[in-house]
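>>> Kindly generate the corresponding structure for this input.
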Amino acid sequence: MPATFVLLLLCVPPSLVAAARRQRRESRLAELAVYNAANPSVGTLTNDMNFTVDYNVAALPGAANVSKFMNRYTVVFGVHVFASENSEDWFIQHVSRVLAKWLDQDEDGNPDHPEVVQAMVARKAAMVLAKSEEEYDRGIGTVADKVRTTLEHGVIKNDHPVWNCSVSDVWVVAEEFQEETPRDATHPYGKVPPGPAYGRDDAGWEEVFHLITHVGYGCAHPEVFGFRADALHPYAYPSSSIPESNISRILDSALGDCGAAYNHTQTGRKATRACPYHYGDETCFYPCLVNEYLNFLHLAHIGARDYQYADARDEYLYANHEECRAHDPLGFAIGGSAMLPQIPPSGHYAPSGRGADSQLRVAR
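Purely as a prediction, here's the structure:
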């Protein structure tokens, strides 16, 4: 990493970044509300799997703080999906099926990469679902997702810099909100969504994917997907003692000399050719940047965000399939890695030979 990464002092005013992000979010939620109102049925297909729901969260090992905010859960290949009391039933089933589809692309009832699921289960990876961002921020986010959060709470956000793959006795989570999740449509999306209303990406394409790639792939294949969490210096650029990975080297190249918001070295207000990846959130530390960049590369390779290209370019300049392939070939290659799932989930999942109400077995 060039020395200028840590020396540049020109920063983007946080208020401008926050205002832009808030405007994009409000626009997306308004569009989604219209879509959900027009599609009131949950759209479950007759052969879709309905995951068994358990209400005894407190009985799970080390779940004292989780049970304060989450009142039920499902299990997908040994990975837990927790939901708040305010979350509706369709939402927990939808996210459970999205998780299952990401892990089992051919829907044969077995994970495509057992070592990835084993890494997740061994580290107590879980989704936490809330009705809204406000509910999350006032609930489990108060213990799991604050800048100065520690492992002592027994639950922590997956990309928090104090968590790494050596930790196995803390629930490591990613969050998703019902307000940002579309109800299932009548038919699956297929390999690539053809456009609105199917064309808006499901929040699970990002949030569930983050959990899988960070905890699963990052810990099972650290040489490729390692996220360089530095527990001794969590709020600084990772020290040389933390091994690099393929994705971290590609990210560093995409950040260029423009720095990062979390250590107050970021310059400019959007992505440029010199710095094609630009993430302006000061609470997004290095492991979080790995998460966000890899998600963009993955969806760009699939083509699932091509329809959002104009809106996404401020964060990632090459945010569609052709631009990513032409101008970020290393990123394009890792986003399309055969190790990663390439079919975006629709919220439908129907593994062969399974009953209507069931749980998928833990990967062995």
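>>> Tell me how many other residues crowd residue 333.
Counted by other CB atoms under 10 Å, the residues lying close to residue 333 total 15. Backbone N, C-alpha and C define where each C-beta goes, glycine included.
>>> Would you tell me what helix or strand it is located in?
In the assignment (DSSP states H and E), residue 333 maps to helix 329-335.
>>> Go ahead and measure how far that helix is from the middle of the chain.
Chain-centre distance of helix 329-335: 18 Å, with CA atoms, centre = their mean, to the nearest Å.
>>> list the helices and strands that helix packs on?
When contacts are defined as 3 or more CB pairs under 8 Å, 6 or more residues apart in numbering; DSSP states H and E, helix 329-335 sits against helix 246-255, helix 286-302, helix 321-327.
>>> Run through the neighbouring helices and strands of the longest one.
Meaning helix 286-302. Applying 3+ CB pairs under 8 Å, 6+ apart, we find helix 286-302 packed against helix 203-211, helix 246-255, helix 321-327, helix 329-335.
>>> Out of these, the one nearest residue 115 is which?
Nearest of the helices and strands packed on helix 286-302 to residue 115, taken as CB to CB: helix 203-211 at 15.8 Å.
>>> and the residue lying closest to residue 326 once chain neighbours are set aside, what is it in contact with?
In space, and not counting its chain neighbours, residue 326 is closest to residue 318: 7.5 Å by CB to CB, 6 or more residues apart in numbering. When contacts are counted by CB atoms under 8 Å, 6 or more residues apart in numbering, residue 318 touches 276, 300, 324, 326, 327, 328, 331.
>>> quick one: secondary structure of residue 318?
Following DSSP: H, G, I helix; E, B strand; the rest coil, we place residue 318 in the coil state.
>>> ok, now how distant is it from residue 292?
As judged by CB to CB, to the nearest Å, residue 318 and residue 292 stand 14 Å apart.
>>> Check residue 175 too.
Distance from residue 175 to residue 292, by CB to CB: 14 Å.
>>> Just the helices from the stretch 101-250 of the chain, written as ranges.
For the stretch 101-250 of the chain, the helices defined by DSSP state H, counting those that start in this stretch occupy 114-122, 133-138, 141-144, 203-211, 218-220, 222-225, 246-255.
>>> Dump the ones you listed into a markdown table; add mean pLDDT as well.
Converted to a markdown table, the helices of the stretch 101-250 of the chain look like this (pLDDT from 0 to 100):
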| stretch | mean pLDDT |
| --- | --- |
| helix 114-122 | 98 |
| helix 133-138 | 97 |
| helix 141-144 | 96 |
| helix 203-211 | 94 |
| helix 218-220 | 98 |
| helix 222-225 | 98 |
| helix 246-255 | 98 |
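>>> Out of those helices, flag the one nearest residue 240.
Closest of the helices of the stretch 101-250 of the chain to residue 240 is helix 246-255, at 12.3 Å (criterion: CB to CB).
>>> Name the residues of that closest one that are buried.
Within helix 246-255, the residues scored as buried using 16 or more other CB atoms under 10 Å are 246, 247, 248, 250, 251, 252, 254, 255.
>>> Any chance of CSV for the helices and strands packed on helix 329-335, columns distance to residue 138?
As requested, the helices and strands packed on helix 329-335 are arranged in CSV below (distance: least, CB to CB, whole Å):
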stretch, distance to residue 138
helix 246-255, 32
helix 286-302, 21
helix 321-327, 37
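>>> Most tightly packed of those helices?
Sort the helices and strands packed on helix 329-335 by mean neighbour count, taking mean count of other CB atoms under 10 Å, and helix 286-302 sits at the top with a mean of 24.
>>> angle of it against helix 246-255?
90 degrees (axes from the mean of the first three to the mean of the last three CA atoms, to 10 degrees).
>>> Next, the distance between the ends of stretch 279-295.
One end of stretch 279-295 sits 13 Å from the other (CA to CA, to the nearest Å).
>>> and it, average pLDDT?
Averaged over stretch 279-295, pLDDT sits at 95.
>>> if we can go back for a sec, and of the helices and strands packed on helix 329-335, who's closest to residue 95?
The nearest among these, by CB to CB, is helix 286-302 at 16.4 Å.
>>> Can you name the next helix or strand after that closest one?
helix 309-312.
>>> Quick check: which element contains residue 97?
Residue 97 belongs to helix 89-103, assigned by DSSP H and E.
>>> can you tell me the average pLDDT over that helix?
The predicted model gives helix 89-103 an average pLDDT of 94.
>>> Return it as CSV; C-alpha atoms alone will do.
Output of helix 89-103 as CSV, limited to C-alpha atoms (Å, rounded to 0.1, in the frame of the first residue of the first chain):
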residue,chain,number,x,y,z
ASP,A,89,-43.1,-15.2,9.0
TRP,A,90,-42.7,-14.8,5.2
PHE,A,91,-39.5,-12.9,5.9
ILE,A,92,-37.7,-15.5,7.9
GLN,A,93,-38.7,-18.2,5.3
HIS,A,94,-37.5,-16.0,2.5
VAL,A,95,-34.1,-15.3,4.0
SER,A,96,-33.7,-19.0,4.9
ARG,A,97,-34.3,-20.0,1.4
VAL,A,98,-32.0,-17.3,0.0
LEU,A,99,-29.3,-18.6,2.3
ALA,A,100,-30.0,-22.2,1.2
LYS,A,101,-29.9,-21.3,-2.5
TRP,A,102,-26.6,-19.4,-2.2
LEU,A,103,-25.1,-22.5,-0.5
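>>> Same question for it: list its buried residues.
Residues of helix 89-103 classed as buried: 90-103 (neighbour count, 16+ other CB under 10 Å).
>>> Could you do stretch 117-132 as well?
Buried residues in stretch 117-132, counting neighbours by 16+ other CB under 10 Å, are found at 117-121, 123-132.
>>> And those residues, which two are furthest apart?
The farthest-apart pair in the buried residues of stretch 117-132, when distances are taken by CB to CB, is 118 and 132, at 33.2 Å.
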